[in-house]
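[1] here is a sequence with its predicted model. Questions after.
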Amino acid sequence: MKWPVRRTSLPFRARVVEPSLLEPTEHEAILYAVLRDLVGDIPQPLDRFDCTTIPRAREFDLVTFPEAFTTTQTLLDLAKALATTGVHGCLHMGLRPDTTKSHLFSLPQLQELLVGLQEIANPELGDLKEFSEWLARQQTGPFNVGCVLSVDPDGNLRVCLHPKIVRSKFEADGLPTQHMVEADLLTLITLVPVRKEFGTVTLQPLICSDALNLETDRRVVPPIIAVNRHADCIPEPPNHVDIVSVATCTPQPGAQTAKHVAYRAWHSQFLEAFKAAAESPDCGRHHFSVFILANYAEIDKGRTQGGLSGAFLPIPPGPHQFISGVTTSCWGKPKNHSRPNNGWSIPDDDALACWSNRAFIVCLEPTNPDLAAMARVMDFDVDRLPRECSLWRKAAGVTSMQIHVCVFDESNTMHLQHETMTDA
């Protein structure tokens, strides 16, 4: 699908939202706190929608929330309110039917969600056409579903529903109602700036294990490879996928370096997926893709840790220092040739200063959480999308980074508190 957008500058402005805990009853407050910080006051579900003054929205291109984050009712309330806010960036989030334990949608629940969105969105835009036709062909469930919302320059609500294609090991269950059914619907959104001096940006929204190269029940290849190998099933397929937005809910193992530095390690399958996108012949459209990922800091309180919400860029990190509160891992090798082959760095390596790097990941530092915060938000610019970078100049990479925390104020309203960060 193609959505017109108001892109006004080359840096791609993004945010990742990392709730401190997978606790569905708290997610709505986090969602509205993040959006209030971007666009001002948002009409709540019980408010009247007759505001005469609309606050000026801060510019952003994408906010990514985790998997299984937003309930059906919250999504419908938000969709109704968005047109009054002036929001023009994309909001990507994983969905769940309600705040109970299961995040999977039965067929009736998914049909109810679709009908609710069809009553709000303009049917002439056709945003939900492919999803509706796909859903009509399904005989069983349950499914895992994500959503992208935006408002175009004409004030139209734009909405995209995308089902999860690759089941994770946590979604295999002995009960049929809890065993996720894998989908076979590819989703791409091409953002077309009204100002033609800015090029198009293609976004691929995924849910967690969709980003991994795993076997599927239907013997179809995962979405990243499928967009390349089976592009003929996509009307007017784009030549490049610029942003892969991944709503995740995945454990990340803890580790310790030889110098006894504790850190949280990326799951090896995600690292393999980043590397494959940058160099595998099966991923030609993704060679310049930026991955933006949001996760929960803890998935099961005290037992299962997640975190590492951030971004992967297939270019060397810029010459600047990163702020405190974030951690980096680089793909490269030491300048002193102590290792013959490229690999992923760990904290002992001091890769930003001592390595020749080809790519890097920057994410929220998981070992130093703000215990008072319900969520942390990393706000950053991709200074130039990788395919927009000149090979004759050193790319700046990620710039203008800030970290915010979600806290309650005296009136028990959650808001974002902007943290003052120094160079790391």
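    Perfect, I can see it now.

[2] pLDDT averaged over the helix or strand harbouring Asn228 - what is it?
    Using DSSP states H and E, the element containing Asn228 is helix 223-229. Here helix 223-229 scores 94 as its mean pLDDT.

[3] so which bits of it are buried?
    Applying a neighbour-count criterion of 16 or more other CB atoms under 10 Å, one finds 223-228 buried in helix 223-229. Backbone N, C-alpha and C define where each C-beta goes, glycine included.

[4] do the same with stretch 66-77
    Neighbour count says stretch 66-77 has 66-72, 74-77 buried, by 16+ other CB under 10 Å.

[5] what's the answer for stretch 147-160, then?
    147-152, 156-160.

[6] how far does it stretch from start to finish?
    From its first residue to its last, stretch 147-160 covers 5 Å (CA to CA, to the nearest Å).

[7] what does that stretch contact?
    Applying CB atoms under 8 Å, 6 or more residues apart in numbering, the contact partners of stretch 147-160 are 1, 3-6, 70, 75, 78-79, 82-83, 85-93, 95, 117, 120-122, 125, 127-128, 131, 161-162, 187, 189, 194, 203, 205, 245.

[8] quick one: mean pLDDT for it?
    Stretch 147-160 comes out at a mean pLDDT of 94.

[9] now find how far off-centre that stretch is within its chain.
    Taking CA atoms, centre = their mean, to the nearest Å, one finds stretch 147-160 lying 17 Å from the centre of the chain it belongs to.

[10] which one of the buried residues of stretch 66-77 sits closest to Ser209?
    Glu67 (9.4 Å; CB to CB).

[11] wait, the closest one touches Cys249, no?
    Yes: contact criterion CB atoms under 8 Å: Glu67 and Cys249 qualify, at 4.0 Å.

[12] got the CA coordinates for the helix holding Asn228 in CSV?
    Provided in CSV are the C-alpha atoms of helix 223-229 (Å, rounded to 0.1, in the frame of the first residue of the first chain):
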residue,chain,number,x,y,z
PRO,A,223,8.6,-12.3,5.3
ILE,A,224,12.0,-10.7,4.7
ILE,A,225,13.1,-13.3,2.2
ALA,A,226,9.5,-13.6,0.8
VAL,A,227,9.5,-9.9,-0.2
ASN,A,228,12.5,-10.5,-2.3
ARG,A,229,11.9,-14.0,-3.7
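
[13] quick one: the strands in the stretch 251-400 of the chain, in order.
    With strands called from DSSP state E, counting those that start in this stretch, the stretch 251-400 of the chain shows them at 254-256, 262-264, 290-294, 298-300, 304-305, 310-313, 326-334, 343-344, 355-364, 375-382, 398-408.

[14] for Glu112, grab phi and psi.
    phi -70, psi -40 (degrees, to the nearest 10).

[15] and for it, the neighbour number?
    Using other CB atoms under 10 Å, Glu112 is surrounded by 15 other residues.

[16] just Asp383 next, same as before
    Around Asp383 there are 19 residues (other CB under 10 Å).

[17] Arg36 should be in a helix, yeah?
    Yes: under DSSP: H, G, I helix; E, B strand; the rest coil, Arg36 sits within a helix.
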